[in-house]
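Peer 1: What follows is a predicted protein model with its sequence.
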There are 2 protein chains.
Amino acid sequence: MTVAVIPIPGLPMIEPGAPLATLLADAIDDARVGVKAQDVVVVCQKVVSKAEGAVVRLSDVTPSELAERLAAQTEGKDARAVEVVLRQTKRVVRNDRGHLIVETKHGWVCANAGVDESNGIADGIVTLLPDDADASAERLRGSLADRFGVSLAVVITDTFGRPWREGLVEVAIGCAGMEPLLDLRGRADLQGRTLHHTVVALADEVAAAAGLVMEKDSRVAAAIVRGIRYTPGATGAAAGLVRRSEFDLFR
Amino acid sequence: MTVAVIPIPGLPMIEPGAPLATLLADAIDDARVGVKAQDVVVVCQKVVSKAEGAVVRLSDVTPSELAERLAAQTEGKDARAVEVVLRQTKRVVRNDRGHLIVETKHGWVCANAGVDESNGIADGIVTLLPDDADASAERLRGSLADRFGVSLAVVITDTFGRPWREGLVEVAIGCAGMEPLLDLRGRADLQGRTLHHTVVALADEVAAAAGLVMEKDSRVAAAIVRGIRYTPGATGAAAGLVRRSEFDLFR
């Protein structure tokens, strides 16, 4: 079945407290694409964070000595922004060549703890990752399901780098209404052999597909991915994408 | 613009020496979806490897002592298959808890050097990654462009795990006809600020999107991704996705 990745433009600039579910539903209406049962509505993290007020005004931040020292190692990083990063950090994974790769308090390993200064953030304001992006996704899912009268899933994405590979990709940091992992273990492959290792990061593939229409220099902050097969899933889903430390070879 | 991810089923079992470009074009014809200018035709690595004869019969392999020892550390790994992995390896990145993560001679960091025993590989035969997947992609691109009379791109994918995240995703290991990285540096974001760090791994997002329709327990080994914006690019493209060692924090 063909999968459609449908851009949803038209979200206004989001301010703290904005009714994101309503604005998103209106944007979907304006795009005249509707919502069909089993659709996955994808929203980028930044609009979620801004609507939830997960933003910090740098003028309110006093950097620690460590933040000052780390900022001094990079070209032009603001020590206050580094301080915000450190407050979101559970563990520093790499601190090298001007990069700060950390494990966030949520468990994600990414640059700068997902703290973002660019793209729609007014000067002097940075966004944090949503405090609980799975719960954010679940709230959006509930509102959109009510509004459109169908079952659907929601994925919240952010833009992450990866070790060993150039370039950034969209990944899932919040998920509701679908299992983020598609477990094919035990199913037969083409030869009738049993698959032993194949667990697909479905929510990440959905996020990357949505990334094809949510370009960073465009005004598209949301998308609908239509036509995929998924298992309707529980809340708290994307947390399952965090590799548990006992299985983590790169800790 | 909506992006369509169109499954191309119907590729027969591929034997060494099979005319893959012709078989793929026939499968596209049978799917009655045509090829449009700027389409990206995505093919999974395994059919490319098999067509190119990048396969090894385990009965022809004598494992080294190291391969024997490594196999003994895992449950049920065949020492001859481990030997094949080592022969594809430039550097062992992790050898822990039964996993062998290596840098391949091509520069990819992945489990088992991409050597694969499952899904369409007859018992006792393993596939290697194509010797030069960019060149493989270029050959397919040229043949398909001739057959359909349009300009197009080709991406060859494999299924990789990632540090810190559960589950596997499709990534690009070969690319022709498009730049694999979409460089947005210097463009303005929503606020008119200049983007400094945003280089998108477009070919990897295309691969992941195609992964939504090329499921591991299905017979779909190819897909068309239609409707994305890309820069027509050079041959030798996916090699640009390999992070150069001087920029690699995780070496």
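Peer 2: Noted; the coordinates are in hand.
Peer 1: three-state assignment of A:V213?
Peer 2: Three-state secondary structure (criterion: DSSP: H, G, I helix; E, B strand; the rest coil) places A:V213 in coil.
Peer 1: can you map out the strands along the stretch 151-251 of chain A?
Peer 2: For the stretch 151-251 of chain A, strands defined by DSSP state E, counting those that start in this stretch occupy the ranges A:153-162, A:165-176, A:182-183, A:199-200, A:222-226.
Peer 1: Can you lay out those as a markdown table showing mean pLDDT, mean neighbour count and distance to B:A238?
Peer 2: From N, CA and C alone the C-beta is placed, and that goes for glycine too. As requested, the strands of the stretch 151-251 of chain A are exported to a markdown table (pLDDT from 0 to 100; neighbours: other CB atoms under 10 Å in any protein chain shown; distance: least, CB to CB, whole Å):
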| stretch | mean pLDDT | mean neighbour count | distance to B:A238 |
| --- | --- | --- | --- |
| strand A:153-162 | 96 | 26 | 14 |
| strand A:165-176 | 96 | 26 | 10 |
| strand A:182-183 | 88 | 18 | 25 |
| strand A:199-200 | 92 | 19 | 21 |
| strand A:222-226 | 98 | 26 | 24 |
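Peer 1: who wins for proximity to chain B among these?
Peer 2: strand A:165-176 (2.8 Å; CB to the nearest CB).
Peer 1: quick one, which of the strands of the stretch 151-251 of chain A is nearest to B:D60?
Peer 2: Between B:D60 and the strands of the stretch 151-251 of chain A, the shortest gap by CB to CB is with strand A:199-200, which sits at 31.8 Å.
Peer 1: Could you see whether chain B lies near the closest one?
Peer 2: Yes: judged by CB under 8 Å from any CB of the partner chain, strand A:199-200 comes into contact with chain B at A:V199, A:V200.
Peer 1: out of the strands of the stretch 151-251 of chain A, nearest to B:A54?
Peer 2: The minimum distance between B:A54 and these falls on strand A:165-176, with 21.9 Å, by CB to CB.
Peer 1: I'd like to know which elements the closest one is packed against.
Peer 2: When contacts are defined as 3 or more CB pairs under 8 Å, 6 or more residues apart in numbering or on different chains; DSSP states H and E, strand A:165-176 sits against helix A:45-51, helix A:133-148, strand A:153-162, helix A:202-211, strand B:199-200, helix B:202-211.
Peer 1: report the angle between the axes of that strand and strand A:222-226?
Peer 2: What separates the directions of strand A:165-176 and strand A:222-226 is an angle of 80 degrees, with axes from the mean of the first three to the mean of the last three CA atoms, to 10 degrees.
Peer 1: By mean pLDDT, show me the worst of the helices and strands packed on strand A:165-176.
Peer 2: Comparing mean pLDDT over those, the weakest stretch is strand B:199-200, at a mean of 92.
Peer 1: Show residues contacting that one.
Peer 2: Contacts of strand B:199-200 from elsewhere in the structure, counted by CB atoms under 8 Å, 6 or more residues apart in numbering or on different chains, are A:E166, A:G167, A:L168, A:V169, A:G211, A:E215, A:K216, B:L181, B:L182, B:D183, B:L184, B:R185.
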